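Colleague: sequence and computational prediction follow.
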Amino acid sequence: MDDKLKKHETIAACGIDCGLCPRFYTKGNSACPGCGGLNFKEKHPNCGVLTCCVIKNGFETCAECKEFPCSRFKTGNAGCDSFTTHKKMNSNLNEIKTIGIEQFVEKQKIRIDILCNLLTNYDNGRTKSFFCQTCALFPIDKLQEIHKELITTDANADLKEINIIARKLITKTANTIGVDLKLNKKIK
């Protein structure tokens, strides 16, 4: 199936932040088109949430369903994965329920734009997941502060130096606001 199944592939029917996921920005066969994006069924042929929410009921997300949260959102089911973009499923759906999908997607677009800037200008080839985690977990105002500070960084610095500056700034902010980015490597 090569048609889009949803209007907004950057937010999954179940609330996953697809537009902030490393696989959304991967090149090649392991790239994910986002929820209901082009050729989604080839990548995720058995997504029961998409089938129930989008195909059977015609919703963009589960937030539109009068039965949300259903049994799929109980412990052991959706929202319990440790993957960063899955951690905010329920809070994303609750926010969509409150402000609507269009306003949510506009807020998410701010995060995606900052992430794309980080990936384009500061990624050394090993920090995509780190930047995705940052954009998924930080409050928008903190992301905007980081972005503003980074764009004033010395334009003559090489990518290695700029990457270190970005990671240090993000780590410092994470420590200040209590966000655990689960860093595997110490920044020199």
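Modeller: Arrived safely.

Colleague: contacting residues for the residue nearest the centre of the chain?
Modeller: Nearest to the geometric centre of the chain sits residue 20, at 2.2 Å (CA atoms, centre = their mean). Taking CB atoms under 8 Å, 6 or more residues apart in numbering, we find residue 20 in contact with 10, 84-85, 108, 111-112, 115, 132, 135-136. Yep, even glycine has a C-beta here, placed from its N, CA and C like the rest.

Colleague: pLDDT below threshold where in the chain?
Modeller: For the chain, the stretches with pLDDT under 70 are 1-2, 74-86, 154-155, 183-188.

Colleague: quick revisit: closest to residue 48 out of the contacts of residue 20?
Modeller: Nearest to residue 48 out of those is residue 85 (CB to CB; 18.4 Å).

Colleague: where is the longest helix in this structure?
Modeller: Assignment by DSSP state H gives helix 101-121 as the longest helix of the chain.

Colleague: so after that one, what's the next helix or strand?
Modeller: helix 128-137 (DSSP states H and E).

Colleague: send the alpha carbons of that following helix over as PDB?
Modeller: What follows is helix 128-137, C-alpha atoms only, in PDB (Å, rounded to 0.1, in the frame of the first residue of the first chain):
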ATOM      1  CA  LYS A 128      21.100  11.500  16.100                       C
ATOM      2  CA  SER A 129      19.500   9.500  18.900                       C
ATOM      3  CA  PHE A 130      20.800  12.000  21.500                       C
ATOM      4  CA  PHE A 131      19.300  14.900  19.600                       C
ATOM      5  CA  CYS A 132      16.000  13.000  19.100                       C
ATOM      6  CA  GLN A 133      15.800  12.300  22.900                       C
ATOM      7  CA  THR A 134      16.500  15.900  23.600                       C
ATOM      8  CA  CYS A 135      13.700  17.200  21.300                       C
ATOM      9  CA  ALA A 136      11.300  14.600  22.600                       C
ATOM     10  CA  LEU A 137      11.800  15.100  26.300                       C
END
